[in-house]
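Visitor: Task: produce atomic coordinates for the following.
(chains A, B and C)
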Amino acid sequence: MSLDKIIEEIRSLESKLHEKDFLLTWEQSPEELKQVLLVAEALRTLRDENISTKVFDSGLGVSLFRDNSTRTRFSYASACNMLGLAIQDLDEGKSQIAHGETTRETANMISFCADVIGIRDDMYLGHGNKYMREVAEALDFGKENEVLSQRPAMVNLQCDVDHPTQSMADLAWLKEHFGSLEELKGKKIAMTWAYSPSYGKPLSVPQGIIGLMTRFGMDVTLAHPEGYDLIPEVVETAKKNAEASGGSFTQVSTMEEAFQDADIVYPKSWAPYQVMGERTELLYANDQEGLKALEKKCLEQNAQHKDWHCTEEMMKLTKEGEALYMHCLPADITGVSCEEGEVTEGVFNKYLVDTYKEAGWKPFIIAAMIFSRKFADPAAALEALLERAKRRVEV
Amino acid sequence: MSLDKIIEEIRSLESKLHEKDFLLTWEQSPEELKQVLLVAEALRTLRDENISTKVFDSGLGVSLFRDNSTRTRFSYASACNMLGLAIQDLDEGKSQIAHGETTRETANMISFCADVIGIRDDMYLGHGNKYMREVAEALDFGKENEVLSQRPAMVNLQCDVDHPTQSMADLAWLKEHFGSLEELKGKKIAMTWAYSPSYGKPLSVPQGIIGLMTRFGMDVTLAHPEGYDLIPEVVETAKKNAEASGGSFTQVSTMEEAFQDADIVYPKSWAPYQVMGERTELLYANDQEGLKALEKKCLEQNAQHKDWHCTEEMMKLTKEGEALYMHCLPADITGVSCEEGEVTEGVFNKYLVDTYKEAGWKPFIIAAMIFSRKFADPAAALEALLERAKRRVEV
Amino acid sequence: MSLDKIIEEIRSLESKLHEKDFLLTWEQSPEELKQVLLVAEALRTLRDENISTKVFDSGLGVSLFRDNSTRTRFSYASACNMLGLAIQDLDEGKSQIAHGETTRETANMISFCADVIGIRDDMYLGHGNKYMREVAEALDFGKENEVLSQRPAMVNLQCDVDHPTQSMADLAWLKEHFGSLEELKGKKIAMTWAYSPSYGKPLSVPQGIIGLMTRFGMDVTLAHPEGYDLIPEVVETAKKNAEASGGSFTQVSTMEEAFQDADIVYPKSWAPYQVMGERTELLYANDQEGLKALEKKCLEQNAQHKDWHCTEEMMKLTKEGEALYMHCLPADITGVSCEEGEVTEGVFNKYLVDTYKEAGWKPFIIAAMIFSRKFADPAAALEALLERAKRRVEV
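Guide: Residues are numbered from 1 along each chain as shown, chains lettered A, B, ... in the order given. This next block holds a predicted model:
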């Protein structure tokens, strides 16, 4: 799509993103989600045409990672950089937060010159998203009381409930791959559990997928072994979404059923919801013995489901044997990154470039979230960039 | 005050800050201190009016933190960013400094493209400020010998003697709160010790306060339990300052006396001067047993002074019961961050927004220190920014 | 040399650096090496004249340090910054790389918005350079498959084989010191081992020196105690280089012979090639006992060669007793950084400013490598900067 068209389409949308943080995709209207996709496309096109997307001359993009990250860390850094913000990481180990500082205080202290705060907090079930809301409230408080001269945007870089930068990047990729959002209507996507020799993987990716893909008329099928439940409220949300969008949400109990005639498959390991709850309590109690025992139990439980394996055979069940394989990466690839894992090397390699392209949307999606939060009239802001036409790289 | 007025006032001041690092407030003339306050106000006003304050197109702001930090780290990062410098942190653990490298060498090696170096070194009594001067001399040496094409500015981000970015931010806040520096004349400020269930807090905040506030005709009262002395030379400096500025410096032995009729109170824990000296030796000797024993002794000693507690009752003693409460944050708040601490939740919450605003000056104070060191004619440099009027955020 | 002259000379060179990563100096033609030197001089001159060298409006410079670093880290940060790139460090400890991610995947995931990737990987003999080539191939793959919209430049920030940013900075310094590359012809440079009370120092510096200095008609002499061999292939390369350039390459077995009539001396400790191989295996096996035993054995072996010491007496053997002393820093200075080391305090201090100036070229050399990789017509790009003449620091 040409930039002019993209900008025109953005202008036609009704959106209140300017006033909202991006914490859960299901808190945003379809028009708002579309806006983020379109702004991401616009920023990507501008960059590909060597046109600068810097809308900030200076300013900080604060990050707080409470879990390891490569992809999201680099995506966030890229997003901030392309908009003109410098990254300042809040390393809780090197800060005075251990001194009993309140969330309200920390949030304000790091935000005097911050235009955006991105947080990853995905280990603690029932806490991550809550923490983000506490930070958001603290920022509102700071702005209202003239402590902060600007209210930084908040971006959820993965919490216990949702992983919106991932699921929106996935959606951007599906839109690119299939040609349009319209084309996704009626397509079957199988979000399925898969075996992995690790435990404790967050629920936010599968939850994010069923929470978002049900918004656009897709037929979303969720499958996992007994006991590997997701957070019940999110499953409820997916059901309601499907109803509202004219799609469907189905739960089945085998990978085979889920893959049957699927247009898209997303096989990925996660820990049972109940386990994540137990684990959260043990982590808070710093109960190392308990954590070890839990890990042992879970790995044994996982090992009973090694047949949840995305093999060539399994792929043959999909639509014409050619469903699109998706993954948030890194995947546990049998014989490559582990002995037995989520997917065979053959299947993974066939779709390797696809999964890389899927990941490639993330920097632009994050930038679009920030952009949409910061500019009341994003179409005008993009047009201004296009008119200015400053080269990103001098040639 | 309007920007034009601020710039006019800056132009009227005699200042040699252009040639001096900012290591101790009492090494700067009153006019130089005023200049820093005014430049901070100017930068803040420009930013609030969405006018870019970038005076560097590129360049590095080096930081070296030998102690934990949130506020100062983010303030320094914000200051560098608003002027156009990128942060490069010297993490001594990841460097080759352990290989026996000299201070002269390290200082030059990190400065080939550095425009400013900010150092926090507050743990070692008798060493922190000395180290900064060694670095400053090494930078002079590098410039003189054409190793460095520019002499980076040095900013003291807290040492064993002073915490000038804190005390100057505190002064900027008092100026804002009371309306002008003139208004501070004759106001009573009580810098008092307060109980905290921790030990080893640096002396630089109380020392910075008595060293700076005595410069502007304030009535400064210092109070602490017996044995909790500050560095004697700094106390002497405060006395002389008070005499020269027409204010007063008084030492009393109870919090009650100090609070009596105070316009401003600053209750905060610190470790006795003698203890910091002992601790420094133990730290250098890496004597873990000795450190534990010292901590135990000190905590017991502290515990005898739990009545040094900033309560509602205590606040009633102050001028009309309405003194301004100040703190460098994070405070040890009774029932919030600890069981028994420096201040009650009620008092802290009443002044919470005030303390946040106090902290909010720090990025601008640091930026002003750098600006003043770098530009011989800061008024002209600010005027140039105003004329250029580049938007910070494109809208 | 004036900027116009430098640019003219760059224009006259035939270079394919635009299409090549900078991994080993002996993979580049003499014209390409000259180009890097000239671009470095041009960038340095521009900066000294307060003209901005920012050719990127935004973009990331990714760094990956698999060993400690101060000089190279800051030089790389400075280089990226002067070109307009923000640093994003890949900290493998904080990433998901431990999860068994492939090099191909990591390389692509960090490069969506990266313009350059700099890697230090010097600990593992037989692996460092190989790893860089794997990353380079992965980036080619990403570009070909439209995963990446731009192919980041790769810069070798020290590997097991070469340390091109060091040796090229050394060469730039020699060019400055002696006036021109022409002047280096026939000059004798002694690259010699020297005693140090540490072990396991990489071979890349001596290898880099003999691999590069033999390209410009110098008489390169290598000396080390028996058993302290360099990688045989690199020694072969040095021989062939010397032949092709009309210089010479000689190996002798004492420091005295090497210093005899030398114009330049470069005494520096390194670990024997065979030891580095053994050590690599032990590191991979995480054999702590084995590593300790190896260290003990090596330190004992080293201790037999304490007479490899760059003393005043030794310096008297050099050309008129006034050879230029070089070191990549930090040096092991007897009585300063260790009891007995590579060089006496007297000799080191006499050349201290020289070694600092030597180091000062590194940021510009790295920037020149990036610049040369990114711009097909570097002369035109430099001319554009000169014409634009944006001030680096507003005055």
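
Visitor: how near is residue A:261 to residue A:189?
Guide: For residue A:261, the distance to residue A:189 under the criterion CB to CB, to the nearest Å works out to 11 Å. Backbone N, C-alpha and C define where each C-beta goes, glycine included.

Visitor: Residue A:153 now?
Guide: Distance of residue A:153 to residue A:189, given as CB to CB: 29 Å.

Visitor: And residue A:347, by the same measure?
Guide: When CB to CB is the yardstick, residue A:347 and residue A:189 sit 17 Å from each other.

Visitor: Of those two, which one has the most company?
Guide: Neighbours around residue A:347 and residue A:189, counted as other CB atoms under 10 Å in any protein chain shown, are more numerous at residue A:189. The numbers are 27 against 23.

Visitor: hey, where'd the helices end up in the stretch 151-300 of chain A?
Guide: Listed in chain order, the helices found in the stretch 151-300 of chain A under DSSP state H, counting those that start in this stretch are A:164-178, A:204-213, A:232-245, A:255-259, A:273-285, A:288-303.

Visitor: could you point out the longest helix in chain A?
Guide: Assignment by DSSP state H gives helix A:30-48 as the longest helix of chain A.

Visitor: And chain B, is that one touching that?
Guide: No. Helix A:30-48 stays clear of chain B (CB under 8 Å from any CB of the partner chain), getting no nearer than 13.1 Å.

Visitor: Check which element follows that helix along the chain.
Guide: From helix A:30-48 onward toward the C-terminus, using DSSP states H and E, the following helix or strand is strand A:60-65.

Visitor: tell me which strands and helices that next one is in contact with?
Guide: helix A:71-83, strand A:86-89, strand A:114-121, helix B:71-83 (3 or more CB pairs under 8 Å, 6 or more residues apart in numbering or on different chains; DSSP states H and E).

Visitor: can you pull the contacts of residue A:151?
Guide: Residue A:151 makes contacts with A:139-140, A:142-143, as judged by CB atoms under 8 Å, 6 or more residues apart in numbering or on different chains.

Visitor: Would you mind measuring from it to residue B:51?
Guide: When CB to CB is applied, the distance between residue A:151 and residue B:51 equals 19 Å.

Visitor: same thing with residue A:124?
Guide: Spatial separation of residue A:124 from residue B:51 under the definition CB to CB is 42 Å.

Visitor: now do residue A:218
Guide: If you measure residue A:218 against residue B:51 using CB to CB, the figure is 47 Å.

Visitor: which of the two has more neighbours?
Guide: The residue with the greater number of neighbours, taking residue A:218 and residue B:51 and applying other CB under 10 Å, is residue A:218; the counts read 28 against 18.

Visitor: The more buried one reaches residue A:186, doesn't it?
Guide: Yes. At 7.3 Å, residue A:218 and residue A:186 qualify as touching, with contact defined as CB atoms under 8 Å.

Visitor: Between the two, which contacts overlap?
Guide: residue A:247.

Visitor: Quick one: neighbours of residue A:325, just the number.
Guide: By the measure other CB under 10 Å, the count of residues near residue A:325 is 22.

Visitor: Please name the residues that touch it.
Guide: Contacts of residue A:325 were listed using CB under 8 Å, 6+ apart, and they are A:264-267, A:310, A:315, A:343, A:347-348, A:350-351, A:354-355.

Visitor: mind checking which helix or strand residue A:141 is in?
Guide: Element membership of residue A:141 [criterion: DSSP H and E] is helix A:128-144.

Visitor: Direction-wise, compare that helix with strand A:114-121 and give the angle.
Guide: Helix A:128-144 runs at 160 degrees relative to strand A:114-121, counting by axes from the mean of the first three to the mean of the last three CA atoms, to 10 degrees.

Visitor: What are the buried residues along helix A:128-144?
Guide: In terms of neighbour count (16 or more other CB atoms under 10 Å in any protein chain shown), helix A:128-144 has its buried residues at A:128-129, A:131-132, A:134-136, A:138-139, A:141-143.

Visitor: which residues touch the most centrally placed residue in chain A?
Guide: Centroid check for chain A by CA atoms, centre = their mean gives residue A:166 as the closest residue, at 2.4 Å. When contacts are counted by CB under 8 Å, 6+ apart, residue A:166 touches A:72, A:158, A:204-205, A:208, A:328, A:362.

Visitor: Contact residues of the stretch 101-250 of chain A facing chain C?
Guide: Applying the criterion CB under 8 Å from any CB, the portion of the stretch 101-250 of chain A that neighbours chain C consists of residue A:198.

Visitor: Identify the residue of the stretch 101-250 of chain A closest to chain B, quick one.
Guide: For the stretch 101-250 of chain A, the nearest residue to chain B under the criterion CB to the nearest CB is residue A:113, separated by 3.6 Å.

Visitor: Can you verify my assumption that that residue contacts residue A:56?
Guide: No. In this structure residue A:113 lies outside contact range of residue A:56 using CB under 8 Å: 10.9 Å.

Visitor: which one of those two has more residues nearby?
Guide: Between residue A:113 and residue A:56, counting by other CB under 10 Å, residue A:113 is the more crowded of the two (27 against 21).

Visitor: Now do the contacts for residue A:71.
Guide: Residues A:328-329, A:359, A:362, C:96, C:109 are the ones in contact with residue A:71 under the rule CB under 8 Å, 6+ apart.

Visitor: Dihedrals phi and psi, residue A:16?
Guide: Backbone torsions for residue A:16, taken as degrees, to the nearest 10, come to phi -110, psi 20.

Visitor: which residue packs closest to it, ignoring adjacent ones?
Guide: Excluding the flanking residues, the one nearest residue A:16 by CB to CB, 6 or more residues apart in numbering or on different chains is residue A:32, at 6.9 Å.

Visitor: Isn't residue A:60 up against residue A:81?
Guide: No. Between residue A:60 and residue A:81 no contact is recorded; they are 11.9 Å apart, counting by CB under 8 Å.
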